[in-house]
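Colleague: what follows is a predicted structure for the sequence shown.
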There are 6 protein chains.
Amino acid sequence: MKINLINPNTCQGMTDKIAISANSIALPTTQIIASSPQHGPESIECAFDETLAAAALLDVIRSGEEQGVDAHIIACFGDPALDAAREIATKPVIGIAGAAFQLASLVSYRFGVVTTMTRTLPASAHLLQRYGYEHLCSGVRATDIPVLELESLSMQTYQLLADECRKAIKEDGAEAIVLGCAGMSDLANELSDELNVPVIDGVTAAVKLAESLHQLKLTTSKSGQYAAPLVKPIHGMFNHWNR
Amino acid sequence: MKINLINPNTCQGMTDKIAISANSIALPTTQIIASSPQHGPESIECAFDETLAAAALLDVIRSGEEQGVDAHIIACFGDPALDAAREIATKPVIGIAGAAFQLASLVSYRFGVVTTMTRTLPASAHLLQRYGYEHLCSGVRATDIPVLELESLSMQTYQLLADECRKAIKEDGAEAIVLGCAGMSDLANELSDELNVPVIDGVTAAVKLAESLHQLKLTTSKSGQYAAPLVKPIHGMFNHWNR
Amino acid sequence: MKINLINPNTCQGMTDKIAISANSIALPTTQIIASSPQHGPESIECAFDETLAAAALLDVIRSGEEQGVDAHIIACFGDPALDAAREIATKPVIGIAGAAFQLASLVSYRFGVVTTMTRTLPASAHLLQRYGYEHLCSGVRATDIPVLELESLSMQTYQLLADECRKAIKEDGAEAIVLGCAGMSDLANELSDELNVPVIDGVTAAVKLAESLHQLKLTTSKSGQYAAPLVKPIHGMFNHWNR
Amino acid sequence: MKINLINPNTCQGMTDKIAISANSIALPTTQIIASSPQHGPESIECAFDETLAAAALLDVIRSGEEQGVDAHIIACFGDPALDAAREIATKPVIGIAGAAFQLASLVSYRFGVVTTMTRTLPASAHLLQRYGYEHLCSGVRATDIPVLELESLSMQTYQLLADECRKAIKEDGAEAIVLGCAGMSDLANELSDELNVPVIDGVTAAVKLAESLHQLKLTTSKSGQYAAPLVKPIHGMFNHWNR
Amino acid sequence: MKINLINPNTCQGMTDKIAISANSIALPTTQIIASSPQHGPESIECAFDETLAAAALLDVIRSGEEQGVDAHIIACFGDPALDAAREIATKPVIGIAGAAFQLASLVSYRFGVVTTMTRTLPASAHLLQRYGYEHLCSGVRATDIPVLELESLSMQTYQLLADECRKAIKEDGAEAIVLGCAGMSDLANELSDELNVPVIDGVTAAVKLAESLHQLKLTTSKSGQYAAPLVKPIHGMFNHWNR
Amino acid sequence: MKINLINPNTCQGMTDKIAISANSIALPTTQIIASSPQHGPESIECAFDETLAAAALLDVIRSGEEQGVDAHIIACFGDPALDAAREIATKPVIGIAGAAFQLASLVSYRFGVVTTMTRTLPASAHLLQRYGYEHLCSGVRATDIPVLELESLSMQTYQLLADECRKAIKEDGAEAIVLGCAGMSDLANELSDELNVPVIDGVTAAVKLAESLHQLKLTTSKSGQYAAPLVKPIHGMFNHWNR
């Protein structure tokens, strides 16, 4: 199968990193096509960033559909544009936050989330509510590590992240850790070894769920909320969407 | 004061209509500047439409700030891009759905919402949850009147709308009606006379709230969630946001 | 328009103070009629106080209706007797807690409430729940300043109040402050200057909402929950309600 | 023990009726003192009625305390003035709605409530929420039988009530019925025989709970929310509360 | 009446203790029959323990029914097998956690729970949710006193328990204390004297509720969820359930 | 990998059926070991059945651990004994209801559940709440097809099931269907073809999730709630648990 792995941030470093993570776990028969949108901010750290990135990543969904992929993964912890993507795609679309919450809940009673900027805490809260995992989350902790700094992580920054995970376990009662940024994807194994609890990265989690849906021949229901958008004139910089 | 009244749909007819509604209720000292984005779909009826419109309307927020407006109104019942707009604006930003819910709750125990397409029902549900008005809403009813059809309303379509309002009152126990589309703005008075309950249009409601905030010298707190976005490279069609 | 501004506490000092606040923000065409009930406790600080005050303030609602006012404001943060007042009035009735929550939510992601006695915390919690603003409130903090002490505020007491506001901002993440007592109405501007976040006083908020409803020709729906009470014999000290 | 059984409605007929119900179930060592306030409406059917009755019934609580009763029961399904009563009493205060919900939940998975006027449905909804029994209630149904009509019930009205109970069982899935008015107290046994499910009357339920608390030597905690009110001047018709 | 008082732990010491507590409060006409199952763990401290105990205690329910008891009490704070017991019994079945929450809510605004092992905190959280008392609970605190250690309590362990109660009052705002283990049943009076707030033991609370239901002639509704199980083959060690 | 696929019902027919379903979807490298407990009811249709089955299936978990399996699946829609199983197992334990909800939420906005007996509806409601999927479920519908009848399904019974699925889609707005019994596992593909929406069977869903966890090297966190049970004497028919 082919998976359209989308990094909604326009920074090549993170795209490369998540491609490596995804390939490390994918079945031999799975081909990972990793890319990021042509437009939008280098990193997504507030609602403004996310609003631009959301519009831009839809192009990559369409492009994936045209290339005949079997599933799409939106690899940014805010799961931006998930509903819109499901409307325009015929193949399943998975967000990495939702994927991580699902697997975390299978291996712990309560999981903690450790993420980047304090500014993104409300976004995490909203994701937990949207997917229904609020009561299974022991808390969300921000490290205030900027997203782009994750591209070349210093030992000091790694320790800062590990320390926040330890607080999630000791102070909040987290029994597993969900990493709150695609840019942390390469750290899951190392952190799990150090912390001695399951550490869940949404990118690899989403790859396995995409493969699962594909093997089960399950794709997005087009009979209701996720039916294709009604055709209507679309103007200006978005006029490539007119069909 | 000057109010930046934004129709996120790119259809001029609705922009003209809401300008009339807003002017009909504005204080003599209030100047209404109505416009719509250059980019995006003619009408917003699903998540895909909203995702494009959200990115596009932020340009109009910035333009309003540059013109020195005192408040912004996002005149689409989905309140698209509200958080992002509050981040980039220094002046208050009001969505018409939130405005309508607030005033409806002041004049009724439970209000009903009557909106356009069935497809938008989840969006209304999300708005009620976001603002905390779920328990004060007797139900949301879709008429399946397309947004653009509201531009030149036939008598038959008006009756369809009025009938759905009547069902909201009789069957759901609505004591007031919130109109679920900016395009219905001109119908509030006529419907209220016919239905004998308060009918709340979000556009006029938002104008009064914008004036209220201005007179109270209240504007968006920039100390937390709505602080200005961090500066970072923004690529492609959004590169005009680089500063 | 004429606004019936009711101080449910029977202390003249607070009535005078809120009249000044209301007049400072009212439109030139708005006449503020401030009064307090003839009966009941000097200040409302527990359920017993509120139960007596609730019965007593209904007389002032009726009196306002007889004087032809266009709106009523219940200027005590517990919004006592709001439902009963809406039943007996034909004009809209606004409570200052609800008014403050509404405007605070327009200018912040999360607001804090700073109030008087610890004893009143459950009342604030109930108000947030009733109006649906629990998830938008970062916390309610009591200063244990007695209501009547607010009449002539010492510098020390002011600092105590300001300190609690600072804790709400720093520790709870409040981005705006709602003042939890009508007796703090005169402090909003000073506190806002000092704290550098929006500070919302329910009295002035309610005046703007009352004017908004009046201009929009919106008043309480009498078709359901707020219909006039059924006529029946009323005995004893309340027999003036027999019609 | 002595129980102060208060009918907050000022209609002697209902007071007599609930005295009979209470005596029918009380232990031989329990003395029931039934009375109603001197002031207020003959029946409580809306927020206005309840607001007056609440202030008036506090006199009866005080009078009971002075007579040395061991518990107070507020025998109106709205449980009016419960918090205020707990503040001024040293002995436990029980509302019949709360009492009925408790016992109903011990003998059913989901219970239905059948009450009087449609106008009181929001009050029932609020009671279920306050006490936490929303998820254990299959629905609240109004019969639109006026409270005073229950004093001398015709066969026709009885059938109307029984029919609504049947609908609660068949359509809503109620496995037990809570009677939503003290005036229905005498009908519990007859209805239970006819409907073949448990029928819970709050008056008798409250008597047993009052006896239970008394035997367990449990009374209202005065260490927090229900501490005695602070002493302050109380004016006008309520000045008998000055101590 | 006869009450089947079941200690689901298979430790005789706790059975003896709760028998004493129950007898100390029962009416002279009430006969307490205390026993524990033949099978299962000596103490219940995790889901595994509870799963075994649940299956085993159903035998004691059946045995009680055969002996003609009038009510069953499941005297373990997890209220194990409550639904299953209600299905197989014709007489009411009461769990001590639910009983304690009910009476605690009659004498306080918010109660705290002080229990045994940290491991059992999720079970307490689930009980509060199931019965609807989450919002009336100020918090649950674990002492990490093993259940069996309660059989012969040292002064030191008693102080540890009292200290945790004090924290519940001071730090969490508890106005009453619910004891979170049947093994603490004998300590309620002493703790209440020392702490000066109501202390509720579920065993004695359940005895009074059982007597109340009996006197009110109320028993489990068999018309829905708690109807008798369908007859079907039951194999292996449970084949004594075949009828 | 080896998966311990447990049918908690003691009916061989269903065990055979789910083994076929599981094998049809498992990776070539996955070995399915299907079995059912030696003890307990032939089918699980009420709390009594589930209580016995829960205790009995723990033996099969231990047996699987001893055989060195890599994951356990509890293949009964009530997910019985899930917490206890996670305590005693070192390898992940997945319930089929939770698995089905997860995958259904990836391919629909709202899914419906179609299950067996009306008696089991509260169990389904509890599962949705436990896992957090209440808001993503359009409703649960019972067919009143007994579990054992699913072993050899008549055309008539199949149509009954398909009709209920159609009602879930048309009347409730379900966009996908979750099959509410392991015994329906073989019908998913046929129903999906007929209904034209995704139909999710928990057995196959759980197999894919088990494989996903295995490949990701994720297993149950033993650091908190799911730590191994404390060792203590266990009596009677459960004494094989003594170690």
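Modeller: Everything's here; your move.

Colleague: OK, now which residue of chain A is nearest to chain C?
Modeller: As assessed by C-beta to the nearest C-beta, chain C sits closest to A:P122 within chain A, at 6.4 Å. For every residue, glycine as well, the C-beta is placed using N, CA and C.

Colleague: three-state assignment of that residue?
Modeller: helix (DSSP: H, G, I helix; E, B strand; the rest coil).

Colleague: look at A:R119 and report its pLDDT.
Modeller: According to the prediction, A:R119 has pLDDT 89.

Colleague: touching, it and B:Y226? I think so.
Modeller: No - the criterion here is C-beta atoms under 8 Å, and A:R119 misses it with B:Y226 at 9.8 Å.

Colleague: can you point out the buried residues in the helix of greatest length in chain A?
Modeller: If you go by DSSP state H, chain A has its longest helix at helix A:47-66. By neighbour count on 16 or more other C-beta atoms under 10 Å in any protein chain shown, the buried set for helix A:47-66 is A:47-61, A:63-65.

Colleague: elements contacting the next helix-or-strand element following it?
Modeller: Counting by DSSP states H and E, the next helix or strand C-terminal to helix A:47-66 is strand A:71-74. Counting by 3 or more C-beta pairs under 8 Å, 6 or more residues apart in numbering or on different chains; DSSP states H and E, the packing neighbours recorded for strand A:71-74 are strand A:2-6, helix A:47-66, helix A:82-88, strand A:93-95, helix A:96-107, helix A:202-215.

Colleague: quick one: which of A:R119 and B:Y226 has more around it?
Modeller: B:Y226 (23 against 20; other C-beta atoms under 10 Å in any protein chain shown).

Colleague: contacting residues around that one?
Modeller: B:D83, B:R86, B:E87, B:T220, C:S108, C:Y109, C:E175 (C-beta atoms under 8 Å, 6 or more residues apart in numbering or on different chains).

Colleague: can we see that at 7 Å?
Modeller: Listed by C-beta atoms under 7 Å, 6 or more residues apart in numbering or on different chains, the contact partners of B:Y226 are B:R86, B:E87, B:T220, C:Y109.

Colleague: okay, it: pLDDT?
Modeller: For B:Y226, pLDDT reads 97.

Colleague: which residue packs closest to the residue of chain A found nearest chain D, ignoring adjacent ones?
Modeller: Minimum separation of chain A from chain D (C-beta to the nearest C-beta) falls at A:H135, amounting to 14.7 Å. Closest residue to A:H135 apart from its sequence neighbours, by C-beta to C-beta, 6 or more residues apart in numbering or on different chains: F:G132 at 6.3 Å.

Colleague: and the one you found, how many residues sit next to it?
Modeller: 22.

Colleague: so what pLDDT did it get?
Modeller: The model reports F:G132 with a pLDDT of 98.

Colleague: how close does it sit to chain B?
Modeller: 15 Å (C-beta to the nearest C-beta, to the nearest Å).

Colleague: so what's the residue of chain A found nearest chain F up against?
Modeller: As assessed by C-beta to the nearest C-beta, chain F sits closest to A:G132 within chain A, at 2.9 Å. Applying C-beta under 7 Å, 6+ apart to A:G132 gives the contacts F:G132, F:Y133, F:H135, F:L136.

Colleague: what is the nearest of those residues to chain E?
Modeller: F:G132 (12.7 Å).

Colleague: how near is the closest one to A:L128?
Modeller: According to C-beta to C-beta, to the nearest Å, F:G132 stands 9 Å off from A:L128.

Colleague: ok, now A:I32?
Modeller: Taking C-beta to C-beta, one finds A:I32 at 27 Å from A:L128.

Colleague: repeat that for A:D163.
Modeller: Taken as C-beta to C-beta, the span from A:D163 to A:L128 is 23 Å.

Colleague: mind checking the end-to-end distance for stretch A:66-83?
Modeller: Length of stretch A:66-83, first residue to last, C-alpha to C-alpha, to the nearest Å: 19 Å.

Colleague: list the buried residues in it.
Modeller: In stretch A:66-83, counting by 16+ other C-beta under 10 Å, buried: A:69-83.

Colleague: now swap in stretch A:167-175 and tell me
Modeller: Going by neighbour count (16+ other C-beta under 10 Å), the buried part of stretch A:167-175 is A:A168, A:I169, A:D172, A:G173, A:A174, A:E175.

Colleague: swap in stretch A:137-150?
Modeller: So stretch A:137-150, judged by 16+ other C-beta under 10 Å, has buried residues A:C137, A:S138, A:G139, A:V140, A:R141, A:A142, A:T143, A:I145, A:P146, A:V147, A:L148, A:L150.

Colleague: thinking again about what came up before, ok, the nearest residue to the residue of chain A closest to chain C once chain neighbours are set aside - contacts?
Modeller: Of all residues beyond its chain neighbours, the one nearest A:P122 is B:Q225 (5.8 Å), with distances taken as C-beta to C-beta, 6+ apart. By C-beta under 7 Å, 6+ apart, B:Q225 lies in contact with A:P122, C:Y109, C:E175.

Colleague: how about the secondary structure of B:Q225?
Modeller: Going by three-state DSSP: B:Q225 is coil.
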